[in-house]
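**Student:** Structure of the sequence below:
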Amino acid sequence: MPDRLQLGILFGSRSCEHEVSIISALQLACMADPFRYEVIPVYISKRGEWFIGGALWKLETYLDFDPRASGLTRVFPDLTSGSRALMAFERGRLFAGEKRCVAARLDCVIPVMHGLNGEDGTLQGLLEMMDVPYASTGVAGSAVGMDKIMMKRLFAGCGFPVLPDTSLSRSEFEKDAEAACDKVEASLPYPVFVKPANLGSSIGVSRADDRRQLADALRLAFSLDRRCLVEKGLDDPLEVNCSVLGFDDAVETSVVEQPVRKGQLLDFKTKYLASSRENGMASLTRIIPAPIGEKMTEKVRTLSADIFRALDCKGVVRVDFMISRETGDLYITEINTIPGSMAFYLWEKTGSGLRYRHLVDRLVRDALKAKEQKDKNITSFHSDIISSAIANLGSGAKGSKG
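**Tutor:** Modelled structure (predicted):
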């Protein structure tokens, strides 16, 4: 099938959500239409090494990861614009040493990364340099969407509803832990939620109902990140999520879901470990559609689309909300620019009944559309600056000293 598009699925990386990324990526890879795409899983190990190979399709490969035993090929991206190549070293003839070869070329990439070094704009920047179409939010939107502090500042600036909060740095806490707690207590009433600024999947998130719990929560958060967000807590809020799909002016929203949680916090264990180990977020108990009434449902969907546009998102995202049971007020929790399981379960339940295979098609289509738009931009133009500088040097002119 020579006309198939070479579709790279990038996953793994140096992140606390490494294993979640593996589950999400293999889900997607298995659902891509084999008649349309030659799917190339590209795994980035916890050491930051890139690999391709057939063994990446098997979950067992990742238990005690050994690339040599698994017959994987270590690759590295060619950053030359338009090359789109993954390069590898191969041994030449005796005494000839190693030479570089093209191991694969990628027509399009779907990043399936969760957390730092993948979802935070770093990988998106690399793909922009390579000039490869990719199906995720761009550099700026990914960076803001990953950093909870900056994200909330942007939401507040846009007039979107967010809970009161404050933020702290590790250096503040290490310098004077009591003063750091004083700062929080002067800004917010208990309960509060303490969140590392740049982690997802509820890793490191803690509820604090008093000063002792606050100090413990800050200590945990700062073991995972240099900055943390401390947010006013709601007593037993109703949590709802909505996915958004598209690019530019073509944006649509999914059905709204209500995750069912046990206890006060929908934590990492509940999300990913309590049920199936192979289905990720799709295995979480949920009510679809969320029983919140037509008016609130429309409000959630409209606000989700507004957030998508505000961050200039692309591909598929999920926006999480909380509704106060006491007042009925709606608040944004966060945006996930690469959601767990790519939120496919929400699109399958939406009126259009978009199956996962067709969701992959939409992601690729939007990635290619974004690349077409980018190619319309003028990125260089002729200038006489260098020739003028050479002429000035030739005439003996001296540059100014700074």
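**Student:** middle-most residue in this structure, spatially?
**Tutor:** The centroid of the chain falls nearest to Glu119 when counting by C-alpha atoms, centre = their mean (2.9 Å).
**Student:** ok, that one - contacts?
**Tutor:** Listed by C-beta atoms under 8 Å, 6 or more residues apart in numbering, the contact partners of Glu119 are Ser15, Pro111, Met113, Ser136, Ser142, Gly145, Met146, Gly200, Thr337, Ile338. Bear in mind the C-beta positions are built from the backbone N, C-alpha and C, glycine included.
**Student:** mind putting the residues you listed in TSV, pLDDT, distance to Ala104 and neighbour count included?
**Tutor:** As requested, the contacts of Glu119 are exported to TSV (pLDDT from 0 to 100; distance: C-beta to C-beta, whole Å; neighbours: other C-beta atoms under 10 Å):
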residue	pLDDT	distance to Ala104	neighbour count
Ser15	90	23	24
Pro111	98	16	27
Met113	94	19	28
Ser136	97	20	29
Ser142	98	24	26
Gly145	96	29	26
Met146	95	28	27
Gly200	66	29	29
Thr337	97	25	31
Ile338	97	22	31
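**Student:** From those residues, which land in strands?
**Tutor:** When the contacts of Glu119 are checked against strands (DSSP state E), the matches are Pro111.
**Student:** of the contacts of Glu119, closest to Asp210?
**Tutor:** Gly200 (26.8 Å; C-beta to C-beta).
**Student:** can you list the domain ranges for this protein.
**Tutor:** Listed by automatic domain parsing, the domain ranges of the chain are 5-134, 145-159+236-371, 165-232.
**Student:** Any idea which of those gets closest to Thr379?
**Tutor:** Using C-beta to C-beta, the nearest of the domains of the chain to Thr379 is domain 5-134, at 9.5 Å.
**Student:** Would you mind measuring from the residue lying closest to Val260 once chain neighbours are set aside to Ala85?
**Tutor:** Excluding its sequence neighbours, the residue lying closest to Val260 (C-beta to C-beta, 6 or more residues apart in numbering) is Thr285, at 4.2 Å. Distance of Thr285 to Ala85, given as C-beta to C-beta, to the nearest Å: 44 Å.
**Student:** Equivalent analysis for Cys158, please.
**Tutor:** For Cys158, the distance to Ala85 - C-beta to C-beta - is 40 Å.
**Student:** repeat for Ala250
**Tutor:** 31 Å.
**Student:** tell me the strands in the stretch 301-402 of the chain, going along the chain?
**Tutor:** Assigned by DSSP state E, counting those that start in this stretch, the strands in the stretch 301-402 of the chain fall at 314-323, 330-336.
**Student:** Just the residues contacting the shortest one, thanks.
**Tutor:** For strand 330-336, the surrounding residues in contact (C-beta under 8 Å, 6+ apart) are 145, 148, 151, 155, 160-163, 200, 234, 239, 296, 299-300, 303, 307, 311, 313, 317-324.
**Student:** Surely Glu185 is in contact with Ala208?
**Tutor:** No - with contact defined as C-beta atoms under 8 Å, Glu185 does not count as touching Ala208 (10.2 Å).
**Student:** who's more crowded, the two?
**Tutor:** Just comparing Glu185 and Ala208: by other C-beta atoms under 10 Å the higher neighbour count belongs to Ala208, 22 against 16.
**Student:** What strand or helix carries the closest residue to that one other than its chain neighbours?
**Tutor:** Nearest residue to Ala208, sequence neighbours excluded (C-beta to C-beta, 6+ apart): Leu214, at 4.0 Å. Per DSSP states H and E: Leu214 is located in helix 211-224.
**Student:** May I have that helix as CSV, with CA atoms only?
**Tutor:** Provided in CSV are the C-alpha atoms of helix 211-224 (Å, rounded to 0.1, in the frame of the first residue of the first chain):
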residue,chain,number,x,y,z
ARG,A,211,-2.1,24.3,58.5
ARG,A,212,-0.4,20.9,59.1
GLN,A,213,-2.0,19.4,56.0
LEU,A,214,-1.1,22.5,54.0
ALA,A,215,2.6,22.2,54.9
ASP,A,216,2.6,18.5,54.0
ALA,A,217,0.8,19.3,50.7
LEU,A,218,3.3,22.0,49.8
ARG,A,219,6.2,19.7,50.6
LEU,A,220,4.8,17.1,48.3
ALA,A,221,4.1,19.6,45.5
PHE,A,222,7.7,21.0,45.7
SER,A,223,9.2,17.6,45.4
LEU,A,224,7.7,17.4,41.9
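**Student:** any low-confidence regions in the stretch 251-400 of the chain?
**Tutor:** 262-284, 396-400 (pLDDT under 70).
**Student:** hang on, the earlier thing: who are the packing partners of the helix holding Leu214?
**Tutor:** Contacts defined by 3 or more C-beta pairs under 8 Å, 6 or more residues apart in numbering; DSSP states H and E place helix 211-224 against helix 170-175, helix 177-187, strand 192-196, strand 206-208, strand 227-232.
**Student:** Which of the ones you listed sits closest to Pro67?
**Tutor:** The closest of the helices and strands packed on helix 211-224 to Pro67 is strand 192-196. By C-beta to C-beta, the value is 30.1 Å.
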